[in-house]
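Asks: The amino acid sequence is not available; the structure is as follows:
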């Protein structure tokens with residue numbers, strides 16, 4: 001589950017803010033463009049979707065690497081034994 005800080009980092013990368021907790025009312029806007037409560041609330045789903053994409057990409061990259069190792073007759077344990 002996304003945090004309020006993650007939402008603000010994604011939606012307001014060039015804005016200075018402080019947040020105490022994960023609710024819109026706890027945001028203190030310091031400098032830059034502010035977002036609405038609706039945008040903030042919708043941002044939680046956006047961050048969660050982005051995290052899911054990143055995890056899926058990492059899993060796909062790992063599967064690709066493991067299949068390449070298998071084609072060479074190696075396993076991840078073989079690489080660990082070699083210190084790689």
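Replies: Cool, got the structure. These numbers were taken from a predicted model, which means no experiment stands behind them. Numbers count the residues shown, from 1 in each chain.
Asks: now whatever residue is furthest in space from the centre of the chain, what's its secondary structure?
Replies: Here the chain reaches farthest from its C-alpha mean at residue 73, the gap being 33.5 Å by C-alpha atoms, centre = their mean. What DSSP: H, G, I helix; E, B strand; the rest coil gives for residue 73 is coil.
Asks: Phi, psi for the most centrally placed residue in the chain please.
Replies: Geometric centre of the chain, nearest residue: residue 51, 4.2 Å, by C-alpha atoms, centre = their mean. Main-chain torsions, residue 51, degrees, to the nearest 10: phi -60, psi -40.
Asks: Do I have it right that it meets residue 2?
Replies: Yes. Assessed by C-beta atoms under 8 Å, residue 51 is found in contact with residue 2 at 7.2 Å. Just so you know, the C-beta spots here come from the backbone N, C-alpha and C atoms, and that holds for glycine as well.
Asks: Residue 4 touches residue 22, doesn't it?
Replies: Yes. The pair residue 4 / residue 22 is scored as a contact, 3.8 Å apart, by C-beta under 8 Å.
Asks: who has more neighbours, these two?
Replies: More neighbours surround residue 4 than the other of residue 4 and residue 22, with 20 against 15 (other C-beta atoms under 10 Å).
Asks: what residues are up against that one?
Replies: Shown in contact with residue 4 (C-beta atoms under 8 Å, 6 or more residues apart in numbering): 19, 21-24, 26-27, 40.
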